[in-house]
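A.B. asks: Need a 3D model of the sequence below.
(one chain, ligands or ions: 1)
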Amino acid sequence: MGKDTIYRAPRTPVPPFEFDAEVADVFDDMIHRSVPMYSEIIRRQAQLVQRFLRPGTRVYDLGCSTGNLAVALCAHLPAGAFEMVAVDSSPPMLDVCKRRIVDAGRSTSITPICGDIRRVKIEQAGVVVVNFTLQFIPPEDRDALTQKIYEALVPGGILLFSEKTMHPNQALSDLQVDFFYRFKRENGYSELEISQKREALENVLVPETVETHHERLRRCGFSRINVWLKWFNFCSWICIK
Ligand code: GEK
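C.D. replies: Residues are numbered from 1 along each chain as shown. This next block holds a predicted model:
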């Protein structure tokens, strides 16, 4: 896996961010250097799957990217212990995921699907994982997707969910963004890389407040909702049906 240097040289204009082949090639480096506590999130989610998954139900990873959760699950659970569906709309991202599933020898238990998570069928779900993907769905479609997930979960099933969020208070929002850029600088990104990436993500990644997420989760039927990890503007939830 290559190093992310996509925004190292100046680009004018900066094109809107896309999950294309260039991104797929460096995605793992990019996400580890851009999402605080990413490894911790994936490791603990794999352990939560291990704890909550019931026989006869499936794990869905919606917006699976290169399959880091699938790989972590393979490390935590023996072959045949789980059935998983991994969905992503980007063919180059899913190609990396497919290769990793084959390398792990788990192609019989993990089904990769190239498609839009708004349209894919979800059935008999014990666990649904949506990490940093709802933020790329148009806001007007987020309720319907969350409702579909709620309906597809069996009673006692869980939604594991992570997002980059925003704070409604300007001073706290500035503080969160400031520490996020500090984190990126500590991981070797230059000011130019940080500002070009921010421009590329404008209107592509649309964050919401933690309260907006809670209201949607409740509206769609979840009543047992917990933030299990929070780092400035990054947030991970567990919701039990
Ligand atoms: C991880 N969960 O490593 N349908 C399907 N996939 C989509 C859609 C859509 N409508 N929109 C975007 N994607 C992963 C990280 S990355 C987050 C998820 C990030 C896909 C897109 O192709 C990309 O692979 C993923 O959602 C978002 O834990 O890079 O910030």
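A.B. asks: burial count for the closest residue to residue 106 other than its chain neighbours?
C.D. replies: Nearest non-adjacent residue to residue 106, counting by CB to CB, 6 or more residues apart in numbering: residue 74, 5.3 Å away. All C-beta spots, glycine's among them, are computed from the backbone N, C-alpha and C. By other CB atoms under 10 Å, 23 other residues sit near residue 74.
A.B. asks: is it fair to say residue 74 lies in a helix?
C.D. replies: Yes: counting by DSSP: H, G, I helix; E, B strand; the rest coil, residue 74 falls inside a helix.
A.B. asks: Please tell me the pLDDT value assigned to it.
C.D. replies: pLDDT recorded at residue 74 is 95.
A.B. asks: Thought residue 107 was touching it, still the case?
C.D. replies: No: checked against CB atoms under 8 Å, the pair residue 74 and residue 107 is beyond contact range at 11.0 Å.
A.B. asks: Quickly note the distance from the residue nearest to residue 106 to residue 100.
C.D. replies: Per CB to CB, to the nearest Å, residue 74 is found 9 Å from residue 100.
A.B. asks: do residue 137 as well
C.D. replies: 24 Å.
A.B. asks: Please apply the same query to residue 227.
C.D. replies: For residue 227, the distance to residue 100 (CB to CB) stands at 29 Å.
A.B. asks: of the two, who's got more company?
C.D. replies: The neighbour count for residue 227 versus residue 100, taken as other CB under 10 Å, is higher for residue 100 (19 against 13).
A.B. asks: now that one, nearest residue through space, not along the chain?
C.D. replies: In space, residue 100 is closest to residue 67, 4.8 Å off (CB to CB, 6+ apart).
A.B. asks: The one you found: how many residues sit nearby?
C.D. replies: 26.
A.B. asks: Quick check: it vs residue 81, distance?
C.D. replies: 17 Å.
A.B. asks: just residue 164 next, same as before
C.D. replies: In terms of CB to CB, residue 164 sits 32 Å off from residue 81.
A.B. asks: More neighbours: which of these two?
C.D. replies: residue 164 (20 against 14).
A.B. asks: That one: what's it in contact with?
C.D. replies: By CB atoms under 8 Å, 6 or more residues apart in numbering, the contact set of residue 164 is 35, 132, 135, 205, 207, 233-234.
A.B. asks: what lines up beside the longest strand that the chain contains in the sheet?
C.D. replies: When the chain is parsed with DSSP state E, its longest strand is strand 153-164. Applying DSSP bridges to the sheet, strand 153-164 is found paired with strand 125-131 (parallel), strand 234-240 (antiparallel).
A.B. asks: Would you point to the one among the ones you listed that's packed deepest?
C.D. replies: Among the strands paired with strand 153-164, strand 125-131 has the highest mean neighbour count (mean count of other CB atoms under 10 Å), at a mean of 24.
A.B. asks: neighbouring contacts of it?
C.D. replies: Residues outside strand 125-131 that contact it (CB under 8 Å, 6+ apart): 41-42, 45, 48-49, 52-54, 57-63, 69, 117, 122, 149, 152-154, 157-162, 236.
A.B. asks: so what does the lengthiest helix in the chain touch, helix or strand wise?
C.D. replies: Looking across the chain with DSSP state H, the single longest helix is helix 170-186. Packed against helix 170-186, as judged by 3 or more CB pairs under 8 Å, 6 or more residues apart in numbering; DSSP states H and E, are the following elements: helix 191-201.
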